[in-house]
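> no sequence on this one, just coordinates:
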Ligand code: GRF
């Protein structure tokens, strides 16, 4: 499975995929990484592993690249790499419906909540403020509506009375590092379909 990964931050999820690819533990080839930030540590991780990186971040007259310009370059890059799957792993820009609908491959996103609850930002703080008992992460198909596409898989944890937004972020990230490669493996072996008409109900890892 040829995958392209879009990142904005530390890239710990990208690193999990790089390690799995290099260990032969996942039938994937990471054909390229796109970052919308030049200072993202994910860029260093990709370069250190010899993976092609496109940094689409430049700031013009004090403003960051507009989303239309970003999407134009990202589309051209993806068309050149010809991925089978695009993975948004900590990618923090909202993409337009036009980009998503015309992407050259299906896209999945990793989101730090049990969707459909807690779409958007600051999920750990909001979950704690609401007194929830459970939290976790979801992988879903990217559609034009933010964090609303079909959920493919979820990792769940029980919230402890000692949890803070920071501790939850760390505990959810441990789950993400298991859920992302597991879900990509399911996609690679045909256990999960990304075609809407064939999507069954969500699957959960055992
Ligand atoms: C993850 O926690 C993800 O849920 C959120 O951003 C974080 C990315 O982490 N959207 P990393 O860049 O993979 O380390």
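Cool, got the structure. Nothing here was measured: the structure is a model prediction, and the numbers come from that model.
> hey, let's count contacts and neighbours off CA atoms from now on
Will do.
> Helix or strand next in line after the helix or strand bottoming out on mean pLDDT in the chain, which one?
Between all helices and strands in the chain, the lowest mean by mean pLDDT, DSSP states H and E belongs to strand 59-60, at a mean of 64. As assigned by DSSP states H and E, the chain's next helix or strand after strand 59-60 is strand 63-64.
> any idea how far the following helix or strand past that following strand is from the chain center?
The element immediately downstream of strand 63-64 (helix or strand, assigned by DSSP H and E) is helix 67-81. Computed by Cα atoms, centre = their mean, to the nearest Å, the separation of helix 67-81 from the middle of its chain amounts to 17 Å.
> on contacts alone, who are the packing partners of helix 67-81?
Counting contacts by 3 or more Cα pairs under 8 Å, 6 or more residues apart in numbering; DSSP states H and E, helix 67-81 packs against strand 29-35.
> and the next element down the chain from the strand it packs on?
Downstream of strand 29-35 (by DSSP H and E), the next one is helix 41-48.
> mean confidence score for that next one?
Helix 41-48 comes out with an average pLDDT of 98.
> again, but for stretch 142-149
Mean predicted lDDT for stretch 142-149 stands at 94.
> is it anywhere near the ligand?
No: with Cα under 6 Å from any ligand atom as the criterion, the ligand is not reached by stretch 142-149; the gap is at least 10.5 Å.
> Mind giving me the packing neighbours of the longest helix belonging to the chain?
Criterion DSSP state H: the longest helix present in the chain is helix 165-188. Based on contacts counted as 3+ Cα pairs under 8 Å, 6+ apart, the elements that helix 165-188 packs against are helix 12-22, helix 123-129, strand 134-141, strand 151-158.
> most packed of these?
Comparing these by mean neighbour count (mean count of other Cα atoms under 10 Å), strand 134-141 comes out on top with a mean of 23.
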